[in-house]
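Enquirer: pasting the structure only:
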């Protein structure tokens, strides 16, 4: 078959500039401010996210298109959920699925609920009282069940190792991620096959026999493997479509969160094995300390729920509880802290350009309002999402507990809601607790999901409701028991927002009356022009050095303030004069504006994603960086002034260098004195 009809063309943005004209057009993801067009290249800018393309040859209908970006691509990325949230979810659910697989492997899947009979046959005459689920007698599974269970655990663990090596960049993304997906799909298929075969060929005899917690752990593990594989496929699809490069787009705090969750699950699984061994050997025999029950005990202990339905009875076990609980609670606290940091990073994206105003001050005020409204919307929308997640976790969890526990305990849905509420708030009265073979495995997983849900809920409430309550309390104290001087003026101004709006309308009318143009003009009024209007004569070099030194000292103090300092428009005018003064290009011919731009940010717009008000750093930190860059340009300019190029007069180089050194030392002394 000819290669011309069915072959595909691989387009590369980095090394295909000399491709034949018969090949598809080269696509390059490129930002206009980052670099200029390369000479001799004919690049067609189609999409800002394409690096490489695999598409059908001309003449055929293109129904799919891949854009593969290189590993070191640092350009803009989108598909945040696929690129950031999915790796975090997979890194959390993968180790949890491994723990559940271990519980499914070491626990028989069937049990007899009668005393005094052979558990395998478990004959029942219909009149004997059946035992509770937790008191049943387990019996062995077929050999093929154990063998396939071991294979499933090995595949799941290997897939998790490839994912971890992918996170640490030990194995390439394009190799490790497909292997993880394939291995987890295989583990899912094996677990589902075991469960279906067990239910078809050797099912428990109802009602005298039932499935144990091990069977339900296998069901949940299969679900988790399947979800993780599907999520990682979405992540790989985003890479194929060019939304991010072939690596996980994670910050250091997010990678730390992944490591902490893995260590937590190791702590949980290892503790369950230790307590199962110790209490089975040295305990008083009050409870059945199988591995699954020990896993439930460790979960209840670390989460500080403490139902009291399962506790250690040996001195060795009680001695181990103390360090184990402390270590587990510390790990859980670290995870909660990392989750809080991750939640705070969710709202740090820059605001897109929304408005186009003409007056510089109007642009500043508009952007400040956008900033305030966005922060407020982010906080309250986050609270709504957290409350909704909490309500879903509470109500849906209550439904499952009600279905699982009504046969054993006969609880109602309201009692199940009460049980979930007591668990979520870690009260743990102990009057109600999971006591069925299906309820306890679900509680282990459900309570782990409750940790990030409650963490985000508390964090969002602290920035909205709790913060508002604190402010209201302080304001009430200012008027009552701790009166504060000058409190009535701000109160009246806050109670009269229409007065401020009226003043702003009048100010806008005055700007129009003095000749403010609303249409498109050739030259826009800028903050640089307003800064120049403050003085008719440019400051001297010594005056500039003193102003820069004083400004740096002032902003350095503002950087330590809590909450962060927000500068007024007039203060920004002063800072802008000092920032842009060294880059005007009209003082000396030796330094042009392009060279100054290479040393730092000089120009910006208040409305836009690159606005200083929308920077991830605080305003004081932004201003301090720009002032230091201005000082660097100033020193370089002085060096260029006092060390000119050879003009043919034969000036001695050694004398010139000595003079330059003296001038710089004098400048340093002047700045230090300021």
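Expert: Done, it's in. All values derive from a computational prediction rather than experimental measurement.
Enquirer: neighbours of residue 432, just the number please.
Expert: Neighbourhood size, residue 432 [other CB atoms under 10 Å]: 20. Where you see a C-beta, it was placed from the backbone N, CA and C, and this is true even at glycine.
Enquirer: what's the closest non-adjacent residue to it?
Expert: Spatial nearest neighbour of residue 432, excluding adjacent residues (CB to CB, 6 or more residues apart in numbering): residue 419 at 4.5 Å.
Enquirer: and the one you found, its phi and psi?
Expert: Backbone torsions of residue 419, given as degrees, to the nearest 10, read phi -60, psi -50.
Enquirer: run a quick neighbour tally on residue 632.
Expert: 14.
Enquirer: whoops, I mixed them up, residue 273
Expert: The number of residues packed near residue 273 is 15, by other CB under 10 Å.
Enquirer: could you double-check that it sits in contact with residue 297?
Expert: No - contact criterion CB atoms under 8 Å: residue 273 and residue 297 do not qualify, at 11.8 Å.
Enquirer: just checking, what packs against the longest helix belonging to the chain?
Expert: Assignment by DSSP state H gives helix 360-405 as the longest helix of the chain. Taking 3 or more CB pairs under 8 Å, 6 or more residues apart in numbering; DSSP states H and E as contact, the helices and strands that helix 360-405 lies on are helix 413-424, helix 439-463, helix 527-532, helix 569-581.
Enquirer: pick out the shakiest of those helices, pLDDT-wise.
Expert: Comparing the helices and strands packed on helix 360-405 by mean pLDDT, the weakest confidence falls on helix 527-532, with a mean of 52.
Enquirer: tell me the helix or strand right after that one.
Expert: Where DSSP states H and E defines the elements, the next helix or strand beyond helix 527-532 is helix 541-558.
Enquirer: and the angle from that next one to helix 569-581?
Expert: For helix 541-558 against helix 569-581, the angle by axes from the mean of the first three to the mean of the last three CA atoms, to 10 degrees is 130 degrees.
Enquirer: residue 138 in helix, strand or coil?
Expert: On the three-state scheme (DSSP: H, G, I helix; E, B strand; the rest coil), residue 138 is labelled strand.
Enquirer: try residue 247
Expert: Following three-state DSSP, the label given to residue 247 is coil.
Enquirer: do you know the pLDDT at it?
Expert: Residue 247 is given a pLDDT of 73.
Enquirer: before we move on, the earlier item: nearest approach to residue 99 belongs to which of the helices and strands packed on helix 360-405?
Expert: helix 439-463 (8.7 Å; CB to CB).
Enquirer: on the C-terminal side of the closest one, identify the next helix or strand.
Expert: Scanning forward in sequence from helix 439-463 by DSSP H and E, the next helix or strand is helix 465-479.
Enquirer: surely residue 210 is in a strand?
Expert: Yes - counting by three-state DSSP, residue 210 is found in a strand.
Enquirer: spatially nearest residue to it (excluding sequence neighbours)?
Expert: Residue 210 sits nearest to residue 204 (CB to CB, 6+ apart), 5.5 Å away.
Enquirer: for the one you found, list the residues it contacts.
Expert: 110-111, 210-211 (CB atoms under 8 Å, 6 or more residues apart in numbering).
Enquirer: that one belongs to a strand?
Expert: No - counting by three-state DSSP, residue 204 is not part of a strand but coil.
Enquirer: sketch out the low-pLDDT regions of the stretch 1-150 of the chain for me.
Expert: 1-77 (pLDDT under 70).
Enquirer: the domain parsing of this protein - what is it?
Expert: 6-76, 80-120+131-250, 251-345, 467-513, 531-673 (automatic domain parsing).
Enquirer: of the ones you listed, which shows the lowest average pLDDT?
Expert: domain 6-76 - the lowest mean pLDDT of the domains of the chain, at a mean of 42.
Enquirer: looking at it, residue 278 is touching residue 313, isn't it?
Expert: No - counting by CB under 8 Å, residue 278 does not reach residue 313; the two are 10.4 Å apart.
Enquirer: those two: which is more packed in?
Expert: residue 278 (19 against 14).
Enquirer: what's near enough to touch the more buried one?
Expert: Applying CB under 8 Å, 6+ apart, the residues near residue 278 are 312, 314, 316-317, 320.
Enquirer: the protein: strands as residue ranges?
Expert: Using DSSP state E, the strands of the chain run over 8-12, 52-56, 110-112, 137-139, 209-211.
Enquirer: I'd like to know how many residues surround residue 251.
Expert: Residue 251: 12 neighbours (other CB under 10 Å).
Enquirer: quick one, phi/psi of it?
Expert: According to degrees, to the nearest 10, residue 251 has phi -90, psi 170.
Enquirer: what's the distance between it and residue 333?
Expert: Distance, residue 251 to residue 333, using CB to CB, to the nearest Å: 20 Å.
Enquirer: OK, contacts around the residue nearest to residue 140 when sequence neighbours are not counted?
Expert: Among residues not flanking residue 140 along the chain, residue 108 sits closest, at 5.9 Å (CB to CB, 6+ apart). Residue 108 makes contact with 138-141, 212, 214 under the criterion CB under 8 Å, 6+ apart.
Enquirer: buried members of the residues you listed into PyMOL, please.
Expert: Selecting only the buried entries of these in PyMOL, with 16 or more other CB atoms under 10 Å as the criterion:
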select buried, resi 138+139+141+212+214
